[in-house]
Structure formats: structure tokens, C-alpha cells
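Trainee: Sequence and computational prediction follow.
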Amino acid sequence: MKKLTREEARLRIDFMKGQKYTFHDLNAEITAGHYATARRLAHTLKGISGLIGEHALADIALKIERQLNEQKAPDENDMSALDNELNRVLTEIADSGILDEGVLSTPPTRDEQTVLFNKLQKMLEENDAACMEILPEVSIIYETKVLVRQVEKYDFEHALITLKVLREVVGV
């Protein structure tokens, strides 16, 4: 497996945490006849799988989503394929070592800081509350305590000012 960027590692860790029970939940919703809920689970799995580059899993999730959209239980072979592919991806993530290596606990390189700060600046300028999701990465950068606290308080206006000063101090 290729060396993952910090963002790719975070996405795969989030996938593992958020999707490990999806097949069980999907089956339960189908059994209960809750096809709309099951379709949303399949839709979410499809999108997140595509985001982390697991296109085979995204394709089978799409197939199941389409069947559920027609208010019918998915084909057993498709469900089996989904179970196998999801387990393959989860096992690959677990075996990759990213959960143990503390990939996200080491400070980002200067280039990674630049990318992260650019992303944060854009999100703050757009008042995008999704910037909260990148705070764990920002918080391990030296001297970001005030910035993180401002973002946590949704004080995006002052956070932008702090970010500008911080960029000058750090040189990114």
C-alpha cells in the first residue's frame, strides 16, 4: 500500500470508525422493511467509499442503493458481495498500521501546514462549520491553541485574524 497523506489517513480512520457496523445496520433495516433508511446507509457507504478510493465497494453500494430505491430487498448475492468487500476494506485499514502509528499525532510538515492553513482559511472565510473536522490536525501544530479555541467557539472572524498572524510567525 502506498504511503498515505495525513488527509488520506484521517479519512480512512474515520471510515473505519464510522462504517464498521454498516453492514449489520443495513441488514437490520432491510429485515425491518425500512428501505428508506437502508437506502441512506447504502448511499452514505457509497459516497465515503468513493472518497477513500475504494471504488469496488462504492459500486456495489450503488447497486444496493438502487435496489432499495425501488422499495425492494437487495439481491442476496449483492449483499454478500457488499459484506465481503466492506470486510476487505476494513481489514486493509486495520492491517495498514495507521491506527497504531499515530499518523495524525506527529506535527505536519511545512508543506502540509500550508495546505491545512489554506483549507482552514477558506472554510473560515465561508463561515463553514465543517472546519471543526480539521481541528485535530490543526491542534498539533505549534502555537495554534488560541486559533483552535476561537474556531471551537465559532468565532471565525477573530480566528481569521489569528490565522493570518500565525502564518506570518510560522512562515507558511
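Mentor: That came in fine, so what should we check first?

Trainee: what sits against Glu137?
Mentor: Arg6, Arg10, Leu104, Pro108, Leu116 (CB atoms under 8 Å, 6 or more residues apart in numbering). (C-beta placed from N, C-alpha, C; glycine too.)

Trainee: so how far is the helix or strand hosting it off the chain centroid?
Mentor: Here Glu137 is covered by helix 135-139, with elements defined by DSSP states H and E. Centroid separation for helix 135-139 versus its chain: 14 Å, with CA atoms, centre = their mean, to the nearest Å.

Trainee: Kindly report the same for stretch 18-38.
Mentor: With CA atoms, centre = their mean, you get 20 Å for stretch 18-38.

Trainee: what mean pLDDT does it have?
Mentor: For stretch 18-38, mean pLDDT rounds to 95.

Trainee: Which residues does it contact?
Mentor: Residues contacting stretch 18-38 (CB under 8 Å, 6+ apart): 41-42, 44-45, 48, 64, 68, 71-74, 79, 82-83, 86-87, 90.

Trainee: pull the helix or strand with minimum mean pLDDT from the chain.
Mentor: helix 135-139 (a mean of 84; mean pLDDT, DSSP states H and E).

Trainee: Check which element follows it along the chain.
Mentor: Immediately after helix 135-139, counting by DSSP H and E, sits helix 145-152.

Trainee: what comes up buried for the next helix or strand after that next one?
Mentor: Once the chain leaves helix 145-152, the next helix or strand it forms, by DSSP H and E, is helix 156-170. Neighbour counts over helix 156-170 (16 or more other CB atoms under 10 Å) mark Phe156, Ala159, Leu160, Thr162, Leu163, Leu166 as buried.

Trainee: Now do helix 156-170 against helix 145-152: the angle between them, please.
Mentor: Helix 156-170 and helix 145-152 are oriented at 160 degrees to each other (axes from the mean of the first three to the mean of the last three CA atoms, to 10 degrees).

Trainee: Touching helix 156-170 from outside, list them.
Mentor: Identification of contacts with helix 156-170 by CB under 8 Å, 6+ apart yields 113, 117, 120-121, 124-125, 127, 131, 141-144, 146-147, 150-151.

Trainee: List buried residues within the contacts of stretch 18-38.
Mentor: Leu41, Ala42, Leu45, Ile48, Ile64, Leu68, Pro74, Met79, Leu82, Leu86, Leu90.

Trainee: Give me the buried positions along the host helix or strand of Ile30.
Mentor: Here Ile30 sits within helix 22-31, counting by DSSP H and E. By neighbour count on 16+ other CB under 10 Å, the buried set for helix 22-31 is Thr22, Phe23, Leu26, Asn27, Glu29, Ile30.

Trainee: Tell me how far the helix or strand just after that helix lies from the chain's centre.
Mentor: Using DSSP H and E, the helix or strand that follows helix 22-31 towards the C-terminus is helix 35-51. Mean-position distance between helix 35-51 and its chain equals 14 Å (CA atoms, centre = their mean).
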